[in-house]
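Peer 1: Here's my sequence, what's the structure:
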Amino acid sequence: MKRIILFDGVCNFCDASVQFIIKRDPTAHFLFTSLQSEKGLELTRKYAIPEDVDSLVLIENGKAFTKSSAALRIAKKLDGLWHLFFVCILVPRKIRDIFYDYFAANRYKWFGKKEDACMLPSIEQRKRFM
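Peer 2: Numbering: from 1, shown residues only. Okay, the predicted model is just below:
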């Protein structure tokens, strides 16, 4: 079963993260859609994802994961040594999410927002977007 990543479609860092994941996911474990898209809004309602979630969400095995839990579960499936970060799942979620929330709160300031431009995926990459 495919895993679905919902991401902030106006965040430059989030866009770069999607590209990072695609490059390290040659077996295409993940599909992508932005939180702001019609499909993203549909999935947000279906999985009762809180409205204030504006960064990374992973839908896997019928369950939605957010914040550091989503990021670590994604890392677990990536090629290279990225799967080793999954050991951080042993750190209590509240502690992990403090760092995640700090980064997420500053991502626009540090990396900026997209205005009108959007990523133009290759033909192969388009198959991975919902």
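
Peer 1: Please count neighbours and contacts with C-alpha atoms only from this point.
Peer 2: Noted.

Peer 1: any idea which helix is longest in this structure?
Peer 2: Longest helix of the chain, by residue count under DSSP state H: helix 93-111.

Peer 1: can you dump the C-alpha coordinates of that one into CSV?
Peer 2: Coordinates of each C-alpha in helix 93-111 appear next as CSV, following Å, rounded to 0.1, in the frame of the first residue of the first chain:
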residue,chain,number,x,y,z
ARG,A,93,6.9,12.4,21.2
LYS,A,94,6.4,15.5,23.3
ILE,A,95,10.1,16.2,23.5
ARG,A,96,10.6,15.4,19.7
ASP,A,97,7.7,17.7,18.8
ILE,A,98,9.2,20.6,20.7
PHE,A,99,12.1,20.7,18.3
TYR,A,100,9.8,20.0,15.3
ASP,A,101,7.4,22.8,16.3
TYR,A,102,10.3,25.3,16.7
PHE,A,103,11.5,24.5,13.2
ALA,A,104,8.0,24.5,11.7
ALA,A,105,7.2,27.9,13.3
ASN,A,106,10.3,29.4,11.7
ARG,A,107,10.4,27.7,8.3
TYR,A,108,8.8,30.6,6.4
LYS,A,109,11.2,33.1,8.0
TRP,A,110,14.3,30.9,7.2
PHE,A,111,13.3,29.5,3.8
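
Peer 1: And the strands in this protein, which stretches?
Peer 2: In the chain, the segments counted as strands under DSSP state E are 3-7, 30-34, 57-60, 63-66.

Peer 1: follow-up on the earlier one: and the longest helix of the chain, what other elements does it pack with?
Peer 2: Judged by 3 or more C-alpha pairs under 8 Å, 6 or more residues apart in numbering; DSSP states H and E, helix 93-111 is in contact with helix 12-23, helix 67-76.

Peer 1: Would you convert these into TSV that also reports distance to residue 54, mean neighbour count and mean pLDDT?
Peer 2: Formatted as TSV, these follow (distance: least, C-alpha to C-alpha, whole Å; neighbours: other C-alpha atoms under 10 Å; pLDDT from 0 to 100):
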stretch	distance to residue 54	mean neighbour count	mean pLDDT
helix 12-23	10	17	88
helix 67-76	10	20	95
